[in-house]
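# The sequence and its predicted three-dimensional model are supplied below.
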Amino acid sequence: MNSHTLFAKTPPLKLFFLASIPGAIGMLASAIYQLVDGILVGQFLGETAFAAINLAMPFVIINFALADLIGVGSAVPIAINLGQKEEAKANNIFTCSCLMIVGTGIIIGALLYFMAPLLIELMGAEGRFALLAVQYLQVYAICSPLTTIIFAVDNYLRICGKIRSSMGLNILMAVLGAGMEIVFLYVFKWGVWAAALAFCLSMIICAIIAFIPFFRGKMLLRFCRPRFSVKMVRQILACGTPTFLNNVAGRVTSIVLNAILVRLGGESAVSIYGILMYVEGFIQPLLYGMCDSLQPAIGYNWGAGQYSRVRAIGKCCFIASAIISLISVAVILLFPEQITQLFVPDSDADFLVTAVLALQLFSLTYVTRWFSFAMQSFMLAIEKTLPASLLSISTALVFPLLLILILWPLGLTGIWLNFAGTSLLAMILGFILFGKYRSELMQADIPRPQNDQSITEQTGAAC
């Protein structure tokens, strides 16, 4: 099915299942690998190594967030331009964005490599704990120019209607990464740096596979001679800012929380926070994969003036997000001990009691988190970058830091409650923003021309 038929003619509910389920499965595969990564490090290398990778992870994600900024930021105007039948503009944005991601990966990777010891030292880590965190971070930094592009190609595949290919790519990346990590840690007995190397190699291999059809000119999007402009770069950055702010601001919050946890509870507190982040890393990709997979369809129809389809697709996304979130609440509340022992099997009684309490309080996050998450994704898809950015920065940084101050007297319990409090405040903000933009979201459709043709039949001379 070509992109035009999929996005413009498929019934919204059918489109939801065709796009969101493969997207969610693909993201779930990546999430499962992240879980396996934490489990393998905890099982084979011990609690100190597990704490070290969680200390370094915010900096790793900040690096990837810059690629995601450009990838998501380019995907939104690409989809809207395709809906407006501006294929040449879409191809130029695609080409320029790929070049920007590689260049950014080189610069940021070099900075992270040389600054890794200082960054980890500033976090308060010392001795072997700090050494392992530095090793882990530097491997990701070295591989940055070749790995970061994978976070953009996923968006480009979905825009081209290759939703199953996107899903398959994520599954392959997870399987390769897990397989190599088992070999590196269990067979070769290598250190924590090998866990990072395994995932980097899997990303590089999958990026090469993904771009082969683009280089051969077999896709809807085609490489062309790049034509950079200030307007285009500003548009990419504006559309990618909400996702970037969410990623980076969230990592800044994680860095602050880790620094506090090191001082309040040492390695054990950091490990418990790591468990919470791995649980979030399992749930959030399901929500992200589902909502993100529908963004090209929403953007395409918004560009084509089919606002009733935009609303129908968005409604499916909100309902499904709520269902997934509430199921997650139940699972976390029912199995907190089992979740803890997956990552820290030899935990003592005190550690287990604290971790179970943390998970129980953390589960409340998903009672309300679904609404702001779906709202942010929806606003981004229709190029409403200001409300999407406001939701993003508030959820990832402003609300958590505010609640750190308010809940400080509760100590560690206040940290665990921070997530649920942030989610509730974000839901309230989401309702306020919906009210502000309601009239624009409810506008009538623009009549379509009767001779509307498939985009794939019009792209031959796009470049």
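Nice, I can see it. Numbering: from 1, shown residues only.
# quick one: low-confidence parts of this structure?
1-2, 448-463 (pLDDT under 70).
# How far does stretch 140-155 sit from its chain's centre?
From the chain centre to the centre of stretch 140-155 is a distance of 13 Å (Cα atoms, centre = their mean, to the nearest Å).
# Use 9 as the first number for this chain going forward.
Let's use 9 as the start, then, which means that last one is stretch 148-163.
# With only the CA atoms kept, save it in CSV.
The C-alpha trace of stretch 148-163 is given here as CSV (Å, rounded to 0.1, in the frame of the first residue of the first chain):
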residue,chain,number,x,y,z
TYR,A,148,28.8,5.4,22.8
ALA,A,149,30.7,8.7,22.1
ILE,A,150,33.2,7.0,19.7
CYS,A,151,30.3,5.3,17.7
SER,A,152,28.1,8.4,17.7
PRO,A,153,28.7,9.4,14.0
LEU,A,154,27.5,6.0,12.8
THR,A,155,24.7,5.2,15.3
THR,A,156,22.7,8.4,15.7
ILE,A,157,21.2,8.2,12.2
ILE,A,158,19.2,5.2,13.2
PHE,A,159,16.8,7.4,15.2
ALA,A,160,15.8,9.3,12.0
VAL,A,161,15.6,6.5,9.5
ASP,A,162,12.8,4.9,11.5
ASN,A,163,10.7,8.1,10.8
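# Gly258 and Ala73, how far apart?
Noted for Gly258: a distance of 9 Å to Ala73, by Cβ to Cβ, to the nearest Å. The way it works is simple: take the backbone N, C-alpha and C, and place the C-beta from them, glycine included.
# Need the overlap of contacts for these two.
Shared contacts of Gly258 and Ala73 (Cβ atoms under 8 Å, 6 or more residues apart in numbering): none.
# Longest helix in this protein, please.
Secondary structure assigned by DSSP state H gives helix 238-311 as the longest helix of the chain.
# helix or strand right after that helix?
Next helix or strand after helix 238-311 toward the C-terminus (DSSP states H and E): helix 315-342.
# got the buried residues for that next one?
315, 317-322, 324-326, 328-330, 332-333, 336-337, 339-340 (16 or more other Cβ atoms under 10 Å).
# Stretch 190-204 too?
Going by 16+ other Cβ under 10 Å, stretch 190-204 has these buried residues: 192-193, 198-204.
# cool, and stretch 436-450?
Buried residues in stretch 436-450 (16+ other Cβ under 10 Å): 437-438, 441, 449.
# which of those lies closest to Pro221?
Closest approach to Pro221 among those (Cβ to Cβ): Leu449, at 35.6 Å.
# Quick one: residues contacting the closest one.
Leu449 makes contact with 315, 318-319, 390, 442 under the criterion Cβ under 8 Å, 6+ apart.
# Distance to Ile454 added to those, as JSON lines?
Formatted as JSON lines, these follow (distance: Cβ to Cβ, whole Å):
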{"residue": "Tyr315", "distance to Ile454": "8"}
{"residue": "Val318", "distance to Ile454": "12"}
{"residue": "Arg319", "distance to Ile454": "14"}
{"residue": "Ile390", "distance to Ile454": "14"}
{"residue": "Phe442", "distance to Ile454": "22"}
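# Go through the residues you listed and name the one nearest Phe370.
Of all the contacts of Leu449, Phe370 sits closest to Phe442, with 26.2 Å by Cβ to Cβ.
# any idea how far Met298 is from the closest one?
From Phe442 to Met298 the distance is 19 Å (Cβ to Cβ).
# Then Ala396?
Plainly put, Ala396 is 17 Å away from Met298 if you go by Cβ to Cβ.
# Run a quick neighbour tally on Ala404.
For Ala404, the neighbour count with other Cβ atoms under 10 Å is 23.
# Just list the residues touching it, thanks.
253-258, 260-261.
# can I get the residues you listed in a markdown table with distance to Ser38?
Supplementary listing: the contacts of Ala404 in a markdown table, determined by distance: Cβ to Cβ, whole Å:
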| residue | distance to Ser38 |
| --- | --- |
| Leu253 | 21 |
| Asn254 | 17 |
| Asn255 | 15 |
| Val256 | 19 |
| Ala257 | 21 |
| Gly258 | 17 |
| Val260 | 23 |
| Thr261 | 22 |
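# What subset of the residues you listed is buried?
253-258, 260-261.
# Let me know the closest of the buried residues of stretch 436-450 to Ala186.
Using Cβ to Cβ, Gly438 comes nearest to Ala186 of the buried residues of stretch 436-450, at 35.5 Å.
# Could I get the contacting residues of Phe137?
Contact analysis of Phe137 by Cβ under 8 Å, 6+ apart lists 56, 59-60, 63, 275.
# Same check on Ser400?
Contact analysis of Ser400 by Cβ under 8 Å, 6+ apart lists 249-251, 253-254, 257, 384.
# Could you rerun that using 10 Å?
Ser400 makes contact with 249-258, 380, 384, 387-388, 393, 406, 434 under the criterion Cβ atoms under 10 Å, 6 or more residues apart in numbering.
# Isn't Gly79 up against Ala160?
Yes. Gly79 lies in contact with Ala160 (Cβ atoms under 10 Å); the separation is 2.9 Å.
# Overlap of the contact sets of these two?
Common neighbours of Gly79 and Ala160 (Cβ under 10 Å, 6+ apart) are 105-106, 108-109, 248.
# Give me the buried entries from those.
105-106, 108-109, 248.
# which one of those residues is nearest Ile212?
Ranked by distance to Ile212 (Cβ to Cβ), those are led by Ile109 at 13.8 Å.
# I'd like to know how far that closest one sits from Val49.
Per Cβ to Cβ, Ile109 is found 28 Å from Val49.
# Count the residues that sit near Ala246.
Residues lying near Ala246 (other Cβ under 10 Å) number 17.
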